[in-house]
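[1] model the structure of this input:
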Amino acid sequence: MPYQNISATLSNQNLADIKAAIATIRAIMFFLISLTADERRKRIKMGDKSLAFVRNSLSVTQNNPEILPGNFNIEEFEKDYQLTVALTEILGLLNQLTEEVDDTLMAVGSESMASSLLVYDFVKAAAKHSPGLKSVADQLGERFKSIGNRRPKTDKPTV
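    Presented below is the predicted three-dimensional model:
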């Protein structure tokens with residue numbers, strides 16, 4: 001969906017349902033592992049061309065089992081290939097979802113920050129006439145102390 005001002009909410013129940021769905025995925029995919037950086041580096045990498053190579057190799061093993069040593073497990077090779085195909089499809093879907101969540105988070109975060117910058121401007125202006133707001137302005141201003149009191153330039157948000 002093209003970007004437009006985001007006006008949405010996730011209820012506590014929605015969030016619980018999403019977490020439950022992720023837990024369900026993890027339960028179904030109980031075999032998932034985490035590799036260390038060293039383990040990742042030592043693994044043979046597989047891309048699209050490699051997937052075709054593996055598929056063709058599997059076909060050769062199925063059609064010519066006599067050329068393989070007796071301890072070569074064709075069934076395990078086929079299971080590995082089928083899981084590779086399924087995981088490739090799942091990863092594509094998850095990457096798409098992750099990208100959409102990340103883009104939406106960036107957009108709504110930008111909207112939130114732009115609105116907050118307006119509030120900060122209003123508070124600073126009001127603090128000049130309402131001394132009780134000076135501490136609020138100072139508190140909000142803490143965000144910008146590490147960047148030398150410079151605020152980022154933004155387009156005016158639609159509030």
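[2] switch to C-alpha atoms for all contacts and neighbour counts from now on
    Fine.
[3] what residue ranges in this structure score low on pLDDT?
    1, 147-159 (pLDDT under 70).
[4] could you pick out the longest helix of it?
    The residue-count maximum for a helix in the chain (DSSP state H) belongs to helix 74-127.
[5] show the secondary-structure elements that that helix is packed against.
    helix 48-63, helix 134-141 (3 or more C-alpha pairs under 8 Å, 6 or more residues apart in numbering; DSSP states H and E).
[6] go with 7 Å
    helix 134-141 (3 or more C-alpha pairs under 7 Å, 6 or more residues apart in numbering; DSSP states H and E).
[7] alpha carbons of the helix it packs on, as PDB, please.
    Presented in PDB, the C-alpha positions along helix 134-141 are these (Å, rounded to 0.1, in the frame of the first residue of the first chain):
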ATOM      1  CA  LYS A 134       9.900  25.900  31.700                       C
ATOM      2  CA  SER A 135      10.600  22.600  33.400                       C
ATOM      3  CA  VAL A 136       8.500  20.800  30.700                       C
ATOM      4  CA  ALA A 137      10.400  22.500  27.900                       C
ATOM      5  CA  ASP A 138      13.700  21.600  29.600                       C
ATOM      6  CA  GLN A 139      12.600  18.000  29.900                       C
ATOM      7  CA  LEU A 140      11.600  17.800  26.300                       C
ATOM      8  CA  GLY A 141      14.800  19.600  25.300                       C
END
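[8] what's the angle between it and helix 74-127?
    Here helix 134-141 runs at an angle of 150 degrees relative to helix 74-127 (axes from the mean of the first three to the mean of the last three C-alpha atoms, to 10 degrees).
[9] quick one: Glu75 and Ser59, what's the gap?
    Glu75 is 12 Å from Ser59, where distance means C-alpha to C-alpha, to the nearest Å.
[10] swap that for Asp17, please
    42 Å.
[11] which SS class is Tyr71?
    Quick fix: residue 71 reads Asn, not Tyr. With DSSP: H, G, I helix; E, B strand; the rest coil as the basis, Asn71 sits in coil.
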